[in-house]
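Novice: Sequence first, predicted coordinates after that:
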Amino acid sequence: MSAFSPAWLRLREPADADARAVDLVDALKIHLNPPPLVVRDIGCGTGSLGRWLAGRLPGPQHWVLHDRDARLLALARSEVTGPGVTVEAHVGDLAALTAADLAGTSLVTASALLDVLTAGQVRGLAAACAGRPALFALSVVGRVEFASPEPLDARFQAAFNDHQRRGGLLGPDAVGVAAAAFAELGARVTTSPSPWRLGPERRGLAAEWLRGWVGAAVEQEPDLADVAPDYLRRRLAGGPEVVVHHEDLLAVPG
């Protein structure tokens, strides 16, 4: 299942909602301008962040949704709703946004975005956001914890993390790079853990995540192909129980 397919994004949405760092949202509120708010969701996907966050912010709100995928934008535009919430959508290159593009924005936010950007793109995004709050949720940090560890876990984890860094992408290094970029521009940065906790009640998501995790590791380290089928079979037996660690980041003007 593609990491950006509507089916995958729907499957992960409840786990995302449970994982998001509510403490950062509470901290954010004192830094917002009085409503009406203009909130830009960069890489909005199907709009799950907007559905979760809109009701936790004061209204009225105008959401400006950005994504490269017009198909996902259409879904998000129809489903980010609520009392006093209006929406517009823009297709385009997420990494090309400038301070001029963000003029008049009360809050910049994104979910699962920083780890699929390069260091240069993250620094550019931090510069574009300067002077306004920014909340970035659910960046991978490269750590998973299975309820029943086994020796091969570390090898698959290392290969997956290297796969996430291919082409210069930040992968599990994203939060650290983003925190430094915002701090260099004078922002105050706070991070908070936002782990997925995938137990029996989320067996479907855990299985899809595991298949993708193992598949990416094998693509990165082909020597794992010999042991991957048995490893995957063992892990899927009875449904994997695993914590997939993420981190949320809040940057506010200093």
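Specialist: Structure received. Small disclaimer: the values here were computed from a predicted structure and weren't measured.

Novice: My read is that Ala159 contacts Ala225, right?
Specialist: No - judged on C-beta atoms under 8 Å, Ala159 makes no contact with Ala225 at a distance of 11.0 Å. In this view, the C-beta of every residue, glycine as well, is placed from N, C-alpha and C.

Novice: any residues touching the lengthiest helix in the chain, and which ones?
Specialist: When the chain is parsed with DSSP state H, its longest helix is helix 203-220. Applying C-beta atoms under 8 Å, 6 or more residues apart in numbering, the external contacts of helix 203-220 come out as 1, 3, 8, 11-12, 15, 144, 155-157, 159-160, 162-164, 166, 196, 198-199, 224-225, 228, 231-232, 235-236, 239-242, 244.

Novice: And the next helix or strand past it?
Specialist: As assigned by DSSP states H and E, the chain's next helix or strand after helix 203-220 is helix 228-236.

Novice: Which other helices and strands does that following helix contact?
Specialist: Judged by 3 or more C-beta pairs under 8 Å, 6 or more residues apart in numbering; DSSP states H and E, the packing partners of helix 228-236 are helix 203-220.

Novice: Sort out which residues of the helix it packs on are buried, please.
Specialist: For helix 203-220, burial by neighbour count (16 or more other C-beta atoms under 10 Å) applies to 205-207, 209-210, 213-214, 216-218, 220.

Novice: Now pLDDT and distance to Ala112 too, for those, in JSON lines please.
Specialist: Formatted as JSON lines, the buried residues of helix 203-220 follow (pLDDT from 0 to 100; distance: C-beta to C-beta, whole Å):
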{"residue": "Leu205", "pLDDT": "96", "distance to Ala112": "14"}
{"residue": "Ala206", "pLDDT": "96", "distance to Ala112": "17"}
{"residue": "Ala207", "pLDDT": "96", "distance to Ala112": "19"}
{"residue": "Trp209", "pLDDT": "97", "distance to Ala112": "13"}
{"residue": "Leu210", "pLDDT": "97", "distance to Ala112": "18"}
{"residue": "Trp213", "pLDDT": "98", "distance to Ala112": "15"}
{"residue": "Val214", "pLDDT": "98", "distance to Ala112": "19"}
{"residue": "Ala216", "pLDDT": "98", "distance to Ala112": "15"}
{"residue": "Ala217", "pLDDT": "98", "distance to Ala112": "19"}
{"residue": "Val218", "pLDDT": "98", "distance to Ala112": "22"}
{"residue": "Gln220", "pLDDT": "98", "distance to Ala112": "20"}
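
Novice: Farthest out from the centre of this structure, which residue is that? Tell me.
Specialist: Asp226 (31.6 Å; C-alpha atoms, centre = their mean).
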